[in-house]
Each structure stands twice: as C-alpha cells, then as structure tokens.
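Q: here you go, sequence then predicted model.
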Amino acid sequence: MLSQPLLRLVSAVSRRRMKLLLGIALLAYVASVWGNLINMRSIQENRELRIESRIEEIIEPLREKIRDLEKSFTQKYPPVKFLSEKDRKRILVTGGAGFVGSHLTDKLMMDGHEVTVVDNFFTGRKRNVEHWIGHENFELINHDVVEPLYIEVDQIYHLASPASPPNYMYNPIKTLKTNTIGTLNMLDPEVHPQTEDYWGHVNPIGPRACYDEGKRVAETMCYAYMKQEGVEVRVARIFNTFGPRMHMNDGRVVSNFILQALQGEPLTVYGSGSQTRAFQYVSDLVNGLVALMNSNVSSPVNLGNPEEHTILEFAQLIKNLVGSGSEIQFLSEAQDDPQKRKPDIKKAKLMLGWEPVVPLEEGLNKAIHYFRKELEYQANNQYIPKPKPARIKKGRTRHN
Ligand SMILES: O=C(O)[C@H]1O[C@H](OP(=O)(O)OP(=O)(O)OC[C@H]2O[C@@H](n3ccc(=O)[nH]c3=O)[C@H](O)[C@@H]2O)[C@H](O)[C@@H](O)[C@@H]1O
C-alpha cells in the first residue's frame, strides 16, 4: 500500500503529464489543421492557376481574332483619294453591280467620288461591290431602271442591260425595255452622261434585235434629249470586253472557253470558228469610259481593242494558257452571228488620248485566275456551273 503523501505525489505527477500530453495533442491537432488549411490553399491556388492558364489559352486566340477584326475593320475598304468639294462628283452607275459597272464603280470610288449604284441584280451581283458596302461615299440601290428613279447626281453612267446574248435573249421584251425605257428614265432627270459613222446592220426581227435595236433607240433618245432639252450626253460604243467578275454562266465566248478549258470539257466553237472578234480587257474599257465622260465629246465614240482574232484562234489560245487537254468541238452556227467585228478607235485616240494598253494574254491570264478561284469557291458549295449555250429559251418569259 502506498502512503497518502506518496499517492498525492503520484497523482500530481500524472496530472501534470496528462496536461502536457493534452497540450501536445492540442498542438498536434492545431498543426495538422493548419497544415491541411495550407495544403488546401495551395491545392486551391494550383487549381486557380490551372483554370487561369486554361482561360488564357482560350481567350488569347479570341483576342487575336478581335485584333484582326479591328484591323480589317479599319482597313476594310480599298484606299480612296480625298477630293475637295469642288472636284468631288455625285455619280450614278446603273448596272453598277454588273461586270463592267462594278469595275467602273471601283475606279470612281478610288478616285474619291460619291457613287450610287443602281442594279436589279438580273445579271449583276452584290458580291461584285460588297467591298464598298458601308463606305460613306457609296450607296447601293436595288432598283430596276425600267421604273423611274429620281435622285440628284452630277453624272450618270448608264450601263444597265444584260450584254451576253443568252442573257439578253432570255427575256427580249425586258431587254428592249431596259435599253429604251431604262435610258429614257436616265435622261428624264436634268443630269446625264466600225467607225462611229457606221449605221449598223441589224435584223429587226432576229433574236439579237432586242439588244441591238434597243441600243440604237437608246442612242436616238440621248440625242433627242440633247437637242430638245439640252441634256449633256456621252455615248460609248462598247466592243467585246472580258475580265474578272464576268458571270460564270454569262454565255459569252471568253467565259465559256475558260470554264470549259478549266473543267476539261470540249471548247464549243459555233460555226467554223472563222468569224472574228477583238477583245478588250475591262480596265481599259473603264479608263475609256471615264475619259469620255470627262471630255467634251458628245458624239458616239468606239471603245474597244482593235486586235482581231478568229474565234478558233481564241479557243486555241485559251486552251494553251489554261494548259488544258480539252478538245475543240464545232457546233452549229448561232443565228445572225456577226462574221467580222473590229473597232476603229482613231476617234478615241485623237479626242480622248485613249487606247487599250493591256495585252490580250495578260488579260486572259487574269480572267483565268479569277475563274479558277470561282470554281474552287463553288466546288466548296457543291455547285459546278455549266457554260450557257447561246440558244433562245422556249416558252413564255416574264417581261416585267
Ligand atoms: O461582248 C459583248 O459585250 C457583246 O457580246 C455580244 O456579242 P458577241 O460578239 O456575239 O459575243 P459572244 O457571245 O462572246 O460571241 C463571240 C463569238 O464567239 C462565238 N461563240 C460564243 C460562245 C461559245 O461558246 N462559242 C462560240 O463560238 C459566237 O458565235 C460569236 O461568233 C453582244 O451581241 C454584243 O452586243 C455585246 O456588246
């Protein structure tokens, strides 16, 4: 048996030990909680870092895209000259979304003018002028020139009319109306734009008459308005023209041959191929139109390239430039097809100081490049255009 004092001593010692043990346990507990907290925090921090870097990975390309967009937004338009109020003109281009009209629009815009394009998009395409949409000097109106249009402008380039035979024969009454009533509507407002002595050779009841007679009446109207109302008039007699932005299904010979050569299909020569044409590149025509508009020549002026070739020669040249293995296929002759055509451009040279400068092969290569790209573009959309034959469509057509 332990004595009382001894017992007290033992219990005092074990109480102290207990306290010590409890103290140590408490410390260990606090340390472990603290450790856990620190651990959790570092896990949390790691996780946050990972999330942040993931967000950064996602956001950086977006930031880049925004920077590109901002850049493209500020550099959205081709460069445009600044013209003072005195030199800047308000210019209307009818058919301005078409093949020739859109190239003319580019030149007038880049020269610093205010351009209004009017087009009913029968053969024109918004895509041809999309690079100007939104520009403060540019306006696009979806309008058919057969209906009156009242706007105030300083100059009018009246180019609205289908020019390709399959297109203009598709709806002959509409073609006639566009060239006659359309011209009348352009003359109505106060403002307007083989030698020239040749009076033409037109079968008035043939399939081409809607275009040819339409153009002739249009000229008669211009001069009637000039004489009677004092309207200032310029008349360009435009000869065969080609270049980028011709419609894929245009049906004229250059676009047909290029498309056929690119697609490895036979090049369709109508008749023997001995008929001749002389082709000008579109930028030459545009320069001629602007030179004529700004001259004081009110009588008709031929704008064309006098370098004449047979259609068979064109077929062979295009085939070679494309590097195509296509054959040449002879089809029946087109009705009323002019057998020889070559402009005499002495007057344009003398009075406008203008002549074509783009060599045929250079122009053809540019057109080939354009059509190659168009084919790629359309292949992605699963649509392969076929060259349109110069045949008249059967059945009734709308002629609104
Ligand atoms: O280029 C233009 O702006 C002109 O187009 C056509 O005149 P055309 O010379 O007959 O134009 P194309 O259809 O390109 O025909 C040129 C020649 O090539 C021939 N051709 C056409 C297409 C084809 O696939 N194969 C072919 O041999 C035609 O028969 C014609 O002899 C219009 O009649 C003109 O009024 C218009 O100004």
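A: Received it, and whenever you're ready, just let me know what you need. All values reported here derive from a predicted model rather than from experimental measurement. Numbers count the residues shown, from 1 in each chain.
Q: partner residues bridging the spatially closest residue to Val254 that is not a sequence neighbour?
A: Excluding the flanking residues, the one nearest Val254 by C-beta to C-beta, 6 or more residues apart in numbering is Phe242, at 4.0 Å. All C-beta atoms are positioned from the backbone trio N, CA, C, and that covers glycine. Beta-bridge partners of Phe242, counted by DSSP bridges, are Tyr281.
Q: quick one: buried residues of stretch 256-272?
A: Going by neighbour count (16 or more other C-beta atoms under 10 Å), the buried part of stretch 256-272 is 256-263, 265, 267-270.
Q: same thing with stretch 337-353?
A: So for stretch 337-353, counting by 16+ other C-beta under 10 Å, buried means Lys342, Pro343, Ile345, Lys347, Ala348, Leu352.
Q: what residues does the fourth one make contact with?
A: This points to Lys347. Thr195, Glu196, Val301, Asn302 (C-beta atoms under 8 Å, 6 or more residues apart in numbering).
Q: with respect to the ligand, which of the residues you listed is nearest?
A: Nearest to the ligand out of those is Asn302 (C-beta to the nearest ligand atom; 11.8 Å).
Q: just give me the neighbour total for the closest one.
A: By other C-beta atoms under 10 Å, 21 other residues sit near Asn302.
Q: not counting sequence-adjacent ones, nearest residue to it?
A: Excluding the flanking residues, the one nearest Asn302 by C-beta to C-beta, 6+ apart is Pro343, at 4.3 Å.
Q: ok, now Val100?
A: Leu159 (5.7 Å).
Q: quick revisit: from the buried residues of stretch 256-272, which ones fall inside strands?
A: Judged by DSSP state E, strands contain the following of these: Leu267, Thr268, Val269, Tyr270.
Q: which residues of the stretch 101-250 of the chain fall in strands?
A: Applying DSSP state E, counting those that start in this stretch to the stretch 101-250 of the chain gives strands spanning 114-119, 138-142, 155-158, 236-238, 241-242.
Q: hang on, the earlier thing: for Asp119, see how far away the residue nearest to Val100 is.
A: 9 Å (C-beta to C-beta, to the nearest Å).
Q: need the residues touching each of these two.
A: Contacts common to Leu159 and Asp119, judged by C-beta under 8 Å, 6+ apart, are Thr94, Gly95, Gly96, Gly98, Gly101.
Q: for those residues, which one is nearest the ligand?
A: Within those, the smallest distance to the ligand is 11.1 Å, found for Gly98 (C-beta to the nearest ligand atom).
Q: list the residues that contact that closest one.
A: Asp119, Thr123, Gly124, Arg125, Asn128, Leu159, Ala160.
Q: next, it: phi, psi?
A: phi -90, psi -170 (degrees, to the nearest 10).
Q: Val286 contacts His103, correct?
A: Yes - in terms of C-beta atoms under 8 Å, Val286 counts as a neighbour of His103; the distance is 4.9 Å.
Q: measure the residue in the stretch 101-250 of the chain positioned nearest to the ligand to Asn256 for me?
A: With C-beta to the nearest ligand atom as the measure, Asn240 is the residue of the stretch 101-250 of the chain nearest to the ligand, at 3.8 Å. Between Asn240 and Asn256 the computed distance is 13 Å (C-beta to C-beta).
Q: equivalent analysis for Phe242, please.
A: The value you get for Phe242 to Asn256, if C-beta to C-beta is used, is 11 Å.
Q: next one: Val301
A: Per C-beta to C-beta, Val301 is found 29 Å from Asn256.
Q: and what of Leu292?
A: 29 Å.
Q: and Glu85, by the same measure?
A: Counting by C-beta to C-beta, the gap from Glu85 to Asn256 is 46 Å.
Q: the stretch 151-300 of the chain: helices as residue ranges?
A: Ranges of helices within the stretch 151-300 of the chain are 165-170, 172-187, 209-229, 253-262, 282-293, based on DSSP state H, counting those that start in this stretch.
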